[in-house]
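J.: next come a sequence and a model predicted from it.
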Amino acid sequence: MGDLAAELLEELNCETAFSVKIGGCQIDVLESVVITWVVMAIVFLLSVFLTRNLKVRGGGKRQLVAETIVTKLQSFVTGMIGEEGKAYVPYLCTVLIYIGIANTIGLLGMKPPTKDMNVTAALALMSIVLIEAAGIRCRGVKGWLKSFTQPIAIVTPINILEVFIRPLSLCMRLFGNVLGAFVIMELIKILVPVVVPLPFSFYFDIFDGLIQAYVFVFLTSLFIREAIE
């Protein structure tokens with residue numbers, strides 16, 4: 001049992017990929033940051049490949065695939081956030097793609113960057129800033145401040161506290177689910193290393209990973225809708 005715990009702890013540690021010295025300061029680049037760069041490179045290369053030589057009419061198969069992906073994603077996210085929130089659809093689509101690829105990159109033998117709380121906290125922080133900015137843009141500063149007193153003034157402290165609770169819930173939900181799936185998969189691989197992990201890998205690395213991407217974007221969309229309505 002001690003060996004099993006040690007192996008799990010080793011897998012769960014966010015290791016330093018490499019260090020960079022700038023002047024007298026040493027900057028440690030975490031493994032999660034490097035894998036995030038890998039995810040960005042995958043998205044960038046796919047985008048370049050699918051969008052080369054775009055035409056207004058008579059586009060080839062690559063253009064058809066690109067248009068289908070964009071149309072389906074935009075339709076999917078717009079259905080969650082509504083027509084009033086169309087301005088935020090590109091951001092939400094980007095987050096959906098990133099988290100989806102990041103959660104399933106374990107199939108390539110890499111640790112999902114969303115297993116690092118720093119990554120999930122950054123995603124949650126960006127989302128909550130967007131949510132509050134959407135509220136200010138829609139209602140103005142006075143209207144946004146007044147919304148904290150709704151439905152009655154006595155709940156103002158609770159509404160203010162909710163601003164800090166939302167990013168925490170987004171962060172911990174994504175981090176906890178991804179980390180839990182990762183721990184279960186590592187346990188299965190250690191205990192039963194042959195054949196059995198395959199169906200579990202399909203569930204945790206693909207299905208569950210994509211579900212968590214959907215849940216994160218759905219909740220962000222829901223909060224934005226509340227802010228702009």
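T.: Sure, I can see it.
J.: can I take it that residue 78 is in a strand?
T.: No - secondary structure assignment places residue 78 outside any strand; it is helix (DSSP: H, G, I helix; E, B strand; the rest coil).
J.: quick one, what contacts it?
T.: Residue 78 is in contact with 85-86, 89, counting by CB atoms under 8 Å, 6 or more residues apart in numbering. (C-beta placed from N, C-alpha, C; glycine too.)
J.: from those, pick the one nearest residue 27.
T.: Within those, the smallest distance to residue 27 is 35.0 Å, found for residue 89 (CB to CB).
J.: so which helix or strand takes in that closest one?
T.: Residue 89 is located in helix 89-104, with elements delineated by DSSP states H and E.
J.: would you map the strands across this protein?
T.: 16-22, 25-30 (DSSP state E).
J.: residue 214 contacts residue 95, doesn't it?
T.: No - Residue 214 is beyond contact range of residue 95, at 10.8 Å (criterion: CB atoms under 8 Å).
J.: neighbour-wise, which of those two wins?
T.: Between residue 214 and residue 95, residue 95 has the larger neighbour count (other CB atoms under 10 Å), namely 19 against 15.
J.: skipping its backbone neighbours, what lies nearest the more buried one in space?
T.: Nearest in space to residue 95, with sequence neighbours left out and distances taken as CB to CB, 6 or more residues apart in numbering, is residue 217 at 5.9 Å.
J.: isn't the one you found right next to residue 94, touching?
T.: No - with the criterion set as CB under 8 Å, residue 217 and residue 94 do not qualify as a contacting pair; they are 9.8 Å apart.
J.: where does the chain have low pLDDT?
T.: 1-14, 17-19, 23, 28, 58, 193-202, 204 (pLDDT under 70).
J.: longest helix in the protein, please.
T.: As far as residue count goes, and with DSSP state H defining each element, the longest helix of the chain is helix 156-191.
J.: what's the angle from that helix to helix 89-104?
T.: Angle, helix 156-191 to helix 89-104, by axes from the mean of the first three to the mean of the last three CA atoms, to 10 degrees: 30 degrees.
J.: roughly how far apart are the spatially most central residue of the chain and residue 93?
T.: Against the mean C-alpha coordinate of the chain, by CA atoms, centre = their mean, the closest residue is residue 99 at 3.6 Å. Counting by CB to CB, to the nearest Å, the gap between residue 99 and residue 93 amounts to 11 Å.
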